[in-house]
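fold the following, please.
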Amino acid sequence: MHVMPLLLLIAGSAAVAGAARRTRVPAPLVLLAAGLTVSYLPGVPEYELDPDVVLPLVLPPLLHTAATDSSYLDLRAQKRPVALLSVGYVLFSTLVVGLMVYTFVPGLSAAAALVLAAVIAPPDAVAATAIARRLRLPARITTILQGESLVNDATAITAYKVALAAALGESVGWLGGGLDFLVASVGGVGVGLALMVPLHWLRTRLKDALLQNTLSLLIPFFAYALAEQVHASGVLAVVVVALYLGHRAWQVDFATRLQEGAVWRMVAFVLESAVFALIGLQLPVVVGDLGDDYGTGEVLWYAVALFVTVVVVRFVWVYPATFVPRLLFRGIREREANPTWKGSFIISWAGMRGVVSLAIAFSIPTTLHDGEEFPGRSLILFLTFTTVIGTLVVQGLTLPPLIRAFRLPGRDVQAETLVEANAQAQASAAAEERLDELMADERNALPQPLADRLRRVMERRRNAVWERLGTPNPLTGENADDTYRRLASEVIAAERDVFVRLRDARYIDDEMLRTLLTRLDLEEAAAFRESEAD
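Numbers count the residues shown, from 1 in each chain. Got it, this is the predicted structure:
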């Protein structure tokens, strides 16, 4: 892809995503619709998805972002349902959907049908994370969906390689396929385990925040490439490293965390926007490859039948995988909360496919070893595309009203604020005790105004959370904490205006202005604790 089309894709998708954030429609769906619309406008360049770009260059940073934003402890608590979905469901879906495709698509070999089934088996990490974040699903459901999407790509890619080898006429049996899966999964986890501690050690030893963030940007690519080099799962290597680094993020300095958070949010926004737009832009490519080999009505029937099959098969797996283990094992019943049929329905319905499926489909070779065309490749590409579009549009559009209709219990904001306040009170008590110890040492002597300021800052932190539980202002609807932050913003803005005016009058230079503005920015950041990203 040339530079100008790539810049147009990034700029256009970012603009559309920015506009979508002002609507109630999930941004992935708006981007998808925009890509579909733009794909047939005159003068628009052809964007053919390149698996050699998406898999090693786009997938690792998106997986890294999703994994570092996830909770290792929450995922560990939900390891059984996550494993059943990320491994069990993908393999089950590959076999059952492959059998169904072989049955209702004449002329497609069993191996080619399995290739298609493996390609569309994994719900996409990008789609799952974007939709779940926007819908604010219950914590357990969000953890399960995110955990599934982090690991299932590795299962699907391995299943795809096994099915592809069979389609190419290579000798692959159940034993060989199982061995390949074991090597890829164990190898990927092993590479991740081998890298995570040295990489974290290096992050904590680098004292320059710019160097630390440069390393942070390189880590997912390095982990993926190294694992793939030894024929292991790059996906699992990236996820293992990212989960460890996210769990240990508190051990790096504050400047790194502040910069890293901003950098990775920007990277995720740009890549997610471009990915969903790129999916829509594939329409001319897949239709063009289809040519005149199949009739319009015929391929549309195949597309609808495959979409329905994919949706039904997920329900067939999720409900038994959720409730049967509870019936068989008392320990599970005692250890875990009782799941509801509504929660299982949402998990079943939230199986959106995405760019990984398309990237894998485009990596199918055009010819066999004997030079003949790969049987049904154009049809596999088309059916993958329609399945991705169908799941994103149908399931993505209906999830919000479905969740509202089910009235799933959301987060208890009051209870969470109370927990936060208690945690802050304990931390403040420890901080005050430590400050008393330090101030008792004459080497730490401070003028009384500065010592009082330290204590006021700690008191402010301790009281701020409790104030959110207070009665809102009847005139503005704000609680005391909101009013404090608004007033802090106003007075800091007044200071900022004076500094700029003094710079314009040549009383201070630009270097001093930057120094003063940075100081104000840090104070404003302290007053406005970073809110959760949408």
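
got the buried residues for the helix or strand encompassing residue 191?
Element membership for residue 191 (DSSP states H and E) is helix 174-205. By neighbour count on 16 or more other CB atoms under 10 Å, the buried set for helix 174-205 is 177, 180-181, 184-185, 187-192, 194-196, 199-200, 203. Any C-beta I mention is one placed from the backbone N, CA and C, and that applies to glycine too.

how about stretch 311-323 as CSV, C-alpha atoms only?
The C-alpha trace of stretch 311-323 is given here as CSV (Å, rounded to 0.1, in the frame of the first residue of the first chain):
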residue,chain,number,x,y,z
VAL,A,311,-24.5,-18.0,15.8
VAL,A,312,-26.4,-21.2,16.7
VAL,A,313,-23.2,-23.2,17.3
ARG,A,314,-22.0,-20.6,19.8
PHE,A,315,-25.2,-21.0,21.8
VAL,A,316,-24.9,-24.8,21.6
TRP,A,317,-21.5,-24.6,23.2
VAL,A,318,-21.9,-21.7,25.7
TYR,A,319,-25.0,-23.0,27.7
PRO,A,320,-23.7,-26.5,28.4
ALA,A,321,-20.2,-25.2,29.0
THR,A,322,-21.7,-22.8,31.6
PHE,A,323,-24.1,-25.0,33.5
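
what is the mean pLDDT for it?
The pLDDT scores in stretch 311-323 average 96.

list of residues touching it?
The contact list for stretch 311-323 (CB atoms under 8 Å, 6 or more residues apart in numbering) reads 81, 84-85, 88-89, 92-93, 96-97, 100, 339, 341, 344, 347-349, 351, 391, 395.

can you give me the helices in the stretch 201-350 of the chain?
Counting by DSSP state H, counting those that start in this stretch, the segments of the stretch 201-350 of the chain that form helices are 209-229, 234-247, 254-280, 283-290, 296-328, 330-335, 341-349.

would you mind finding the most buried of the ones you listed?
Of the helices of the stretch 201-350 of the chain, the one with the most neighbours on average (mean count of other CB atoms under 10 Å) is helix 234-247, at a mean of 26.

what is that one packed up against?
In terms of contacts (3 or more CB pairs under 8 Å, 6 or more residues apart in numbering; DSSP states H and E), helix 234-247 is packed against helix 59-69, helix 72-77, helix 139-167, helix 174-205, helix 209-229.

now for the first one, which elements pack on it?
In this structure, helix 59-69 packs against helix 125-135, helix 139-167, helix 209-229, helix 234-247, helix 254-280, with contacts taken as 3+ CB pairs under 8 Å, 6+ apart.

got the CA positions of that helix in CSV?
Provided in CSV are the C-alpha atoms of helix 59-69 (Å, rounded to 0.1, in the frame of the first residue of the first chain):
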residue,chain,number,x,y,z
LEU,A,59,-2.5,-7.6,15.9
PRO,A,60,0.4,-7.5,18.5
PRO,A,61,-0.2,-3.9,19.7
LEU,A,62,-4.0,-4.4,19.9
LEU,A,63,-3.5,-7.6,21.9
HIS,A,64,-1.0,-5.8,24.1
THR,A,65,-3.3,-2.9,24.8
ALA,A,66,-6.3,-5.3,25.6
ALA,A,67,-4.1,-7.5,27.8
THR,A,68,-2.5,-4.7,29.8
ASP,A,69,-6.0,-3.1,30.4
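
state the distance from residue 153 to residue 434.
Separation of residue 153 from residue 434 (CB to CB, to the nearest Å): 46 Å.

between these two, which one's more packed in?
residue 153 (29 against 11; other CB atoms under 10 Å).

and the gap between the closest residue to that one other than its chain neighbours and residue 192?
Nearest non-adjacent residue to residue 153, counting by CB to CB, 6 or more residues apart in numbering: residue 235, 4.6 Å away. Going from residue 235 to residue 192 by CB to CB gives 10 Å.

any regions of the stretch 151-300 of the chain where pLDDT drops low?
In the predicted model, the stretch 151-300 of the chain carries pLDDT under 70 at residues 170-177.

quick one: the residue nearest to the spatial centre of the chain from residue 197, how far?
Geometric centre of the chain, nearest residue: residue 66, 3.5 Å, by CA atoms, centre = their mean. To residue 197, residue 66 is 22 Å away according to CB to CB.

same thing with residue 218?
According to CB to CB, residue 218 and residue 197 sit 17 Å apart.

angle of the helix or strand containing residue 13 against helix 254-280?
Residue 13 belongs to helix 3-20 when assigned by DSSP H and E. On the basis of axes from the mean of the first three to the mean of the last three CA atoms, to 10 degrees, helix 3-20 is oriented at 100 degrees to helix 254-280.

tell me which residues in helix 3-20 are buried?
Neighbour counts using 16+ other CB under 10 Å place 9, 12-14, 16-17, 20 of helix 3-20 among the buried residues.

closest one of those residues to residue 260?
In terms of CB to CB, no member of the buried residues of helix 3-20 lies closer to residue 260 than residue 14, at 20.6 Å.

now the closest one. Nearest residue, chain neighbours left out?
Nearest non-adjacent residue to residue 14 (CB to CB, 6+ apart): residue 273, at 5.3 Å.

so, low pLDDT: which residues of the stretch 401-534 of the chain?
Applying pLDDT under 70 to the stretch 401-534 of the chain flags the ranges 410-414, 416-417, 420, 461, 464-477, 479-481, 527-534.

how about 50 then?
Applying pLDDT under 50 to the stretch 401-534 of the chain picks out residues 530-534.

now do the helices in it.
413-439, 448-468, 480-504, 510-527.

residues contacting the residue nearest to residue 153?
59, 63, 150-151, 153-154, 157, 188, 224.

farthest pair within those residues?
Pairwise over those, using CB to CB, the maximum falls at 151 and 224, 14.4 Å.

thinking again about what came up before, tell me which of the helices and strands packed on helix 234-247 sits nearest to residue 296.
That would be helix 139-167 among the helices and strands packed on helix 234-247, by CB to CB, at 26.1 Å.

quick one: that closest one to helix 341-349, angle?
Here the directions of helix 139-167 and helix 341-349 differ by 40 degrees (the same axes, to 10 degrees).

can you state the direction angle for helix 139-167 and helix 174-205?
Using the same axes, to 10 degrees: helix 139-167 against helix 174-205 is 130 degrees.

buried ones in helix 139-167?
In helix 139-167, counting by 16+ other CB under 10 Å, buried: 140-167.

circling back to that earlier point, so which of the helices of the stretch 401-534 of the chain comes closest to residue 228?
Using CB to CB, the helices of the stretch 401-534 of the chain put helix 510-527 closest to residue 228, at 39.1 Å.
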